[in-house]
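Colleague: What shape does this take:
(one chain, ligands or ions: 1)
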Amino acid sequence: MTKTILRALAGETLPVPPVWMMRQAGRYLPEYRETRAKAGDFLSLCYNPDLAAEVTLQPLRRYGFDAAILFADILLLPQALGSDLWFETGEGPRLSTITGPADLARLKDRDAIHETLAPVYETVRILSRELPKEVTLIGFAGAPWTVATYMIAGRGTPDQGPAHALKAADRATFAALIDLLTEATIDYLSAQVEAGAEVVKLFDSWAGSLKGQDFDDFAVAPAKRIIAALKARHPGLPVIAFPREARERYVGFAKATGADCVALDNSVAADWAAENVQTDGCVQGNLDPSLLVTGGEALVTETRRIVKAFSNGPHIFNLGHGITPDADPENVHRMLAAIRG
Ligand SMILES: Cc1c2[nH]c(c1CCC(=O)O)Cc1[nH]c(c(CCC(=O)O)c1C)Cc1[nH]c(c(CCC(=O)O)c1C)Cc1[nH]c(c(C)c1CCC(=O)O)C2
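Modeller: Numbers count the residues shown, from 1 in each chain. Down below sits the predicted model:
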């Protein structure tokens, strides 16, 4: 087993951490913007296997990252389940809403998703043929809670208010939606693995707004179920979990869910995470993405500080969240130089 990402995920401490970036294919790259224009719009790009594979490969050509992440979106799964989905330019995603049992009943069942998602699996197949031998291919899905927050509200929300409200007002509908998403996510990720994904990552971007028992019920429990089912179908499959802004709940998250690696956002201190989270295995993270906008000495200092903080255990270097469209592509080279020396 020679791929550095797989070695780190298996618990090996490497002299130089392998590195990739969340949203590494994206609008900060001129070649991405060009390919997206050719596709027409973002969703057409996601469903065009040749072009989606092309944008996945672009950041690898430029930077030589250790992993490629499939180019797709966490909201393709709700679309495959029958939600309407579109992107408002400059604003973000819009979906039909789930407000009660009638909306839930209109969704398709888990077996129907592959019809819509077949082009995504084709993208994975192309990538597994075309990627350089040393690069690891990561598939992904949104975690049920995060995906549910978009399906319930019909858009991104600052506090996930509508999802919390449905959870309080109509627990049965809310729990049934989480259940459907959990089952569909197992099938979706499993199909990505069958197509050639070597690792999968579960994005729970809004995990931080779940408190107390809700965090156990709707962040930990679904992740645990998904990971157990995937590992039963694909023995040895490494899984990265990203319960963003989980704060003190990062502690023990890998053990509680069976994840091989916990991805950390940049609100937690690397020294604290090395002592309290990395003790259970591989961690990924956690540079503040705004440093790729501002650059300078702070970018270099902070990158080195993170590498050093995690140097006594398994670590995959990454950002604490996705790189933003206003990032300077040259700053990514500076970050890599600070990591790789
Ligand atoms: C919440 C979420 C979404 N999508 C995703 C998450 C979880 C991670 C996170 O918290 O950021 C995950 C995602 N989205 C995208 C990927 C591709 C792989 C990668 O490079 O990381 C991945 C892994 C492409 C994308 N997904 C999106 C873009 C930008 C679309 C464009 O080209 O205009 C990309 C490259 C659009 C998107 N997709 C989503 C939103 C809220 C938006 C709009 C905000 C924005 O524009 O950045 C939903």
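
Colleague: Who are the contact partners of whatever residue of the stretch 151-300 of the chain ends up closest to the ligand?
Modeller: Closest contact between the stretch 151-300 of the chain and the ligand, by Cβ to the nearest ligand atom, is at residue 205 (3.2 Å). C-beta coordinates here come from the backbone N, C-alpha and C atoms, glycine included. Contact analysis of residue 205 by Cβ atoms under 8 Å, 6 or more residues apart in numbering lists 142, 146, 242, 244.

Colleague: element containing the residue nearest the centre of the chain, please.
Modeller: Centroid-nearest residue in the chain: residue 203, 3.9 Å away (criterion: Cα atoms, centre = their mean). Residue 203 is part of strand 199-204 when elements are defined by DSSP states H and E.

Colleague: the residue most distant from the middle of this structure, which is it?
Modeller: Most distant residue from the mean C-alpha position of the chain: residue 102, 30.1 Å away (Cα atoms, centre = their mean).

Colleague: so is that one in a helix, a strand, or just coil?
Modeller: Counting by DSSP: H, G, I helix; E, B strand; the rest coil, the backbone at residue 102 sits in helix.

Colleague: What distance do you get for it to the ligand?
Modeller: 25 Å (Cβ to the nearest ligand atom, to the nearest Å).

Colleague: before we move on, back to that, for the contacts of residue 205, pick the one with the most neighbours.
Modeller: Most neighbours among these, by other Cβ atoms under 10 Å: residue 242, with 29 neighbours.

Colleague: shouldn't it be in contact with residue 200?
Modeller: No. Here residue 242 does not reach residue 200: they are 11.3 Å apart, not a contact under Cβ atoms under 8 Å.

Colleague: roughly how far apart are the residue farthest from the centre of the chain and residue 82?
Modeller: Residue 102 sits at a distance of 13 Å from residue 82 (criterion: Cβ to Cβ, to the nearest Å).

Colleague: just to revisit the earlier point, any idea what the residue nearest to the centre of the chain is bridged to?
Modeller: On the basis of DSSP bridges, residue 203 is bridged to residue 142, residue 242.

Colleague: Report the contact partners of it.
Modeller: Residue 203 neighbours (Cβ under 8 Å, 6+ apart): 74, 140-143, 146, 242, 244.

Colleague: quick check, nearest of these to residue 22?
Modeller: Taking Cβ to Cβ as the measure, residue 22 lies nearest residue 242 of the contacts of residue 203, at 8.4 Å.

Colleague: Tell me which helix or strand the closest residue to residue 194 other than its chain neighbours sits in.
Modeller: Spatial nearest neighbour of residue 194, excluding adjacent residues (Cβ to Cβ, 6 or more residues apart in numbering): residue 121 at 7.6 Å. Using DSSP H and E, residue 121 sits within helix 113-130.

Colleague: For the ligand, tell me whether that helix is touching it.
Modeller: No. Helix 113-130 stays clear of the ligand (Cβ under 6 Å from any ligand atom), getting no nearer than 10.8 Å.
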